[in-house]
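>>> have a look at this prediction, sequence included:
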Amino acid sequence: MVTAKKVPAKVAPVKRRIPKPVPKKDETTVGKVIEMIKWVDNPFKLFTVILLSFLFFAGYFAWDSRVVILNAITNSSQKSELKEIRVLENIAQKLQKDLEAETVLVHKTALVVNSRTTLLAFGPKGRETTLDGYISTLFGKDVSRNAAIIAMLNGEVYCDKLMASGKTSEWEEKHGVKFICRGSVPPEMGMFEGYISVGFAKEPQDIGVVKTRINLASTEMSK
């Protein structure tokens, strides 16, 4: 008896999956910027990028003080506002007279966007309007101003020799200022709605009295 040969069953060919090539990351500056833009997909990330950027360009000391800056930004909704210009003028004029200062400047600040706006200026001959509404960066290349801002965020009045590096400091220098003291408005730690800059022809003998008088004026200037 002859047995029929079994025909082997057909086996479907195995399909080999070809792995898709992984796109190489563009390590160029442009590529990194594009990747950063893709990563920023919500307002919080955008705020983080902006904050870290200005901290980086402001210098290492600002990065070391990032907790103080972040706390001030977090408390921004609770900040008191500056009083009306006419009230600020009266307070600034009295401050200049009491301290026998050459100049007094009052700035409004915005930490979140790293800017300040000059509200008013008093020179040796009284009120001047050339700087009214002038907008500039808060943190910048001026090391002295950067250090002063950190000190003011910590509730301190910061005094130092004038280092002319911009329009307002050049204006102060033009009026014979060699030494300045800056105080936050209001004066409490972490509250930074604005600040006062008082300029002197030379360093005052009693810095303690100057700081106390500036704090009194800054308290009056805040609502």
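Looks like it arrived, so ask away.
>>> and the helices in this structure?
29-39, 43-58, 60-64, 66-74, 85-99, 143-153, 167-174, 207-221 (DSSP state H).
>>> okay, now E128: neighbour count?
For E128, the count of nearby residues is 16 (other CB atoms under 10 Å). In this view, the C-beta of every residue, glycine as well, is placed from N, C-alpha and C.
>>> which ones are touching it?
A121, F122 (CB atoms under 8 Å, 6 or more residues apart in numbering).
>>> what separates it from G190, distance-wise?
For E128, the distance to G190 equals 32 Å [CB to CB, to the nearest Å].
>>> what do you get for N215?
Going from N215 to G190 by CB to CB gives 15 Å.
>>> same deal with V106?
Per CB to CB, V106 is found 20 Å from G190.
>>> higher neighbour count, these two?
Counted by other CB under 10 Å, V106 and G190 do not tie: V106 has more neighbours, with 25 against 18.
>>> what residue ranges in this structure score low on pLDDT?
Across the chain, the ranges flagged by pLDDT under 70 are 1-80.
>>> same thing but 80
1-80, 112, 140-143, 190 (pLDDT under 80).
>>> quote the end-to-end distance of stretch 199-209.
End-to-end distance for stretch 199-209, by CA to CA, to the nearest Å: 15 Å.
>>> how about that stretch: buried residues?
Within stretch 199-209, the residues that count as buried by 16 or more other CB atoms under 10 Å are G199, F200, P204.
>>> separation between the second one and K161?
Counting by CB to CB, the gap from F200 to K161 is 10 Å.
>>> for stretch 151-158, measure first residue to last.
In stretch 151-158, first residue to last residue: 6 Å (CA to CA).
>>> let me see the contact set for L95.
By CB under 8 Å, 6+ apart, L95 lies in contact with A101, V104, I196, V198, R213, I214, A217.
>>> out of the buried residues of stretch 199-209, which is nearest to A92?
Nearest to A92 among the buried residues of stretch 199-209, counting by CB to CB, is G199 at 12.0 Å.
>>> that closest one - nearest residue in space that isn't next to it in sequence?
In space, and not counting its chain neighbours, G199 is closest to V177: 3.4 Å by CB to CB, 6 or more residues apart in numbering.
>>> what's the answer for M189, then?
Take M189 and drop its neighbours on the chain: the residue closest to it by CB to CB, 6+ apart is G155, 3.4 Å away.
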